[in-house]
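Undergrad: give me coordinates for this.
(one chain, ligands or ions: 2)
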Amino acid sequence: MSSAPALPIVRLPHSAGLDLPAYETEGAAGMDLRAAVAADRPLILLPGRRALVPTGLVFELPDGYEGQVRPRSGLAFKHGVTCLNTPGTIDSDYRGEVKVLLVNLGDEEFEVTRGMRIAQLVVAPVTRMRVEEHSLAGETARGAGGFGSTGTS
Ligand SMILES: O=c1ccn([C@H]2C[C@H](O)[C@@H](COP(=O)(O)OP(=O)(O)OP(=O)(O)O)O2)c(=O)[nH]1
Ligand SMILES: [Mg+2]
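TA: Ligands and ions are numbered 1, 2, ... in the order given. Prediction:
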């Protein structure tokens, strides 16, 4: 990982003392993001409700990359807690605090505590295209078929 591109991160006061996002294993694709809620005020996520959870961090993603905020499968499996807008998109020119939009799809309330690993950030290259308007779409074998047009067997 020493040759990996640098990801500059600015820490906001409310994430003081929290571990920075980190890859938990050698081959992990995502670095886990931690909740920067107050230690004495955990966030209670009632069933069916959503909340924007602060990370207390500003990312300066290098030009040509995006951040994808993705759910953690453990939280989803054990508690029904996931990211509502998955994957959340962090633009390389975004200089605000990265937040995680959690939703509780389970049937019990869920407590988000300070430092809890609530989501993971995957950094991916972005391809941007120049949009050109045309009057006719080129022909292909598929044509307009979709939504199961090729059958199930
Ligand atoms: O899970 C997320 C998704 C987005 N963002 C931040 C970073 C991103 O660059 C910005 C805008 O996100 P997006 O483009 O998805 O939201 P929008 O509704 O289109 O807002 P905008 O009009 O600001 O682009 O919000 C987060 O912190 N967490
Ligand atoms: Mg947008």
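Undergrad: what distance do you get for residue 42 to residue 146?
TA: 45 Å (C-beta to C-beta, to the nearest Å). (Each C-beta comes from the backbone N, C-alpha and C, glycine too.)
Undergrad: between the two, tell me which one has more neighbours.
TA: Between residue 42 and residue 146, counting by other C-beta atoms under 10 Å, residue 42 is the more crowded of the two (15 against 8).
Undergrad: now do the contacts for that one.
TA: 111, 112, 113, 114 (C-beta atoms under 8 Å, 6 or more residues apart in numbering).
Undergrad: what about the residue nearest to the last one when sequence neighbours are not counted, how many residues nearby?
TA: Here the nearest residue to residue 114 in space, its sequence neighbours aside, is residue 39; by C-beta to C-beta, 6 or more residues apart in numbering that works out to 4.4 Å. Here the count is done by other C-beta under 10 Å, and residue 39 has 9 residues near it.
Undergrad: before we move on, what SS does residue 39 have?
TA: Put simply, residue 39 is coil when judged by DSSP: H, G, I helix; E, B strand; the rest coil.
Undergrad: alright, calling it a day.
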